[in-house]
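[1] coords below, sequence missing:
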Ligand SMILES: Cc1ncc(COP(=O)(O)O)c(C=O)c1O
């Protein structure tokens, strides 16, 4: 009963079958194979536009490569304080950009806002003494589990573009966001002003595959070299292509994400009944952030439920902590219901020794 992350899951059967199919016989290496070509066509179809596509194996590589195409070594990338690029990539964006600085904007309910971006960019620029803002990076769905409506993305992009900045979207959970928003992939990305989207698949059915999707053609020119130099051009690229093509075929990716989101909604409904369990952010995609009283947290762990202690804000008192619970496409309703029932039991234990469920 593992709710630690959506990368604790395996791959979807459709993706595994595509890998087996791609395994038969030889194929031209380094992405010049039919599976990669099919994946590129699939991305263009899904996004309804003629974009450049670069497949890589990790989200960190995708983000760092995308930002390296946008920010010079003396540039700044503005992002949320909990952004994966800021706190969870071991400085890869700084390495790949040759030293660009990541600067946090204020958290507003789990997101960054156009107003704060505008205020930051209106500060005196400090000339050569300060890094030059080059890009804004937002995460969709955000690290806090909320999603950006296309209008909010468009507002951020309008401010960014007005000041000459590019817009990067970390879409490790883009599928969950699109499934939640009910909009088209185009509306959630380039139509709202995103210049490069890192389209995740690994958390939602792929084995290891992400796509750097470049909507601004001017940003695509150097990426083939940057990807190779960064060690992310796979010689057996057909396996990335096969995964991405299968992931996007027939709406598989959105169906898988809808299942993960539904499991999160079910878990939210269950935990919403538990005394002392409070939600830090609204549950909008497939992640839950809940304040757990110590008795509930420790009881759940003793029962074998796995989840992360969230080290971002807020920091509740009285020994309580914030837990991050994540659902995936294969999360079972029975496990969701078992967790909610166990939380209820630990929150309101019956008389000593009775061992019953007083809820
Ligand atoms: C928001 C976000 N971006 C990117 C990534 C990609 O990370 P990885 O390099 O582990 O594939 C993750 C994975 O945890 C993530 O949560």
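    That came through fine. What you are looking at is a predicted structure, and each value in this text was computed from that prediction instead of being measured.
[2] only C-alpha atoms for contact and neighbour calcs from this point on.
    OK.
[3] which secondary structure state is assigned to the nearest residue to residue 309 once chain neighbours are set aside?
    Counting by Cα to Cα, 6 or more residues apart in numbering, residue 309 lies nearest to residue 323, which is 4.7 Å off, once chain neighbours are set aside. Following DSSP: H, G, I helix; E, B strand; the rest coil, residue 323 is assigned to strand.
[4] again, but for residue 313
    Taking three-state DSSP, the label given to residue 313 is coil.
[5] now do the phi/psi pair for the residue of the stretch 201-350 of the chain found nearest the ligand.
    In the stretch 201-350 of the chain, the residue that lies nearest the ligand is residue 202 (6.9 Å; Cα to the nearest ligand atom). Main-chain dihedrals, residue 202, degrees, to the nearest 10: phi -60, psi -30.
[6] which residue is the nearest non-sequential neighbour of it?
    Per Cα to Cα, 6+ apart, closest to residue 202 is residue 208, 4.9 Å.
[7] does the one you found really touch residue 201, like I thought?
    Yes - contact criterion Cα atoms under 8 Å: residue 208 and residue 201 qualify, at 7.3 Å.
[8] which of the two has more neighbours?
    Using other Cα atoms under 10 Å, the more surrounded residue of residue 208 and residue 201 is residue 201, with 27 against 19.
[9] residue boundaries of the strands in the stretch 201-350 of the chain?
    Secondary structure of the stretch 201-350 of the chain, counting by DSSP state E, counting those that start in this stretch: strands at 210-214, 278-279, 287-292, 308-309, 321-326.
[10] what is the rounded mean pLDDT of the second one?
    I take that to be strand 278-279. Taken as a whole, strand 278-279 has an average pLDDT of 95.
[11] neighbouring strands - and their directions - for that strand?
    Using DSSP bridges, strand 278-279 pairs in its sheet with strand 287-292 (antiparallel).
[12] could you tell me whether residue 199 really is in a helix?
    No - Residue 199 is assigned strand when assessed by three-state DSSP, not a helix.
[13] show me what it bridges to in the sheet.
    Applying DSSP bridges, one finds that residue 199 bridges with residue 171, residue 211.
[14] how about it, what does it touch?
    Residue 199 is in contact with 170-174, 210-213, counting by Cα atoms under 8 Å, 6 or more residues apart in numbering.
[15] and the gap between residue 51 and the ligand?
    Distance of residue 51 to the ligand, given as Cα to the nearest ligand atom, to the nearest Å: 21 Å.
[16] mind giving me the packing neighbours of the biggest helix by length in the chain?
    Using DSSP state H, we find that the single longest helix of the chain is helix 252-271. Here helix 252-271 is seen to pack against helix 174-181, strand 287-292, helix 333-347 when contacts are counted using 3 or more Cα pairs under 8 Å, 6 or more residues apart in numbering; DSSP states H and E.
[17] I'd like the ones you listed laid out as a markdown table, including mean neighbour count.
    Formatted as a markdown table, the helices and strands packed on helix 252-271 follow (neighbours: other Cα atoms under 10 Å):
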| stretch | mean neighbour count |
| --- | --- |
| helix 174-181 | 25 |
| strand 287-292 | 26 |
| helix 333-347 | 19 |
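[18] output these in a markdown table; the columns should cover distance to the ligand.
    Listed next are the helices and strands packed on helix 252-271 as a markdown table, based on distance: least, Cα to the nearest ligand atom, whole Å:
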| stretch | distance to the ligand |
| --- | --- |
| helix 174-181 | 9 |
| strand 287-292 | 10 |
| helix 333-347 | 21 |
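[19] what is the burial count for residue 2?
    Applying other Cα under 10 Å, I find that residue 2 has 18 neighbouring residues.
[20] and what of residue 230?
    14.
[21] many thanks, I have nothing further to ask.
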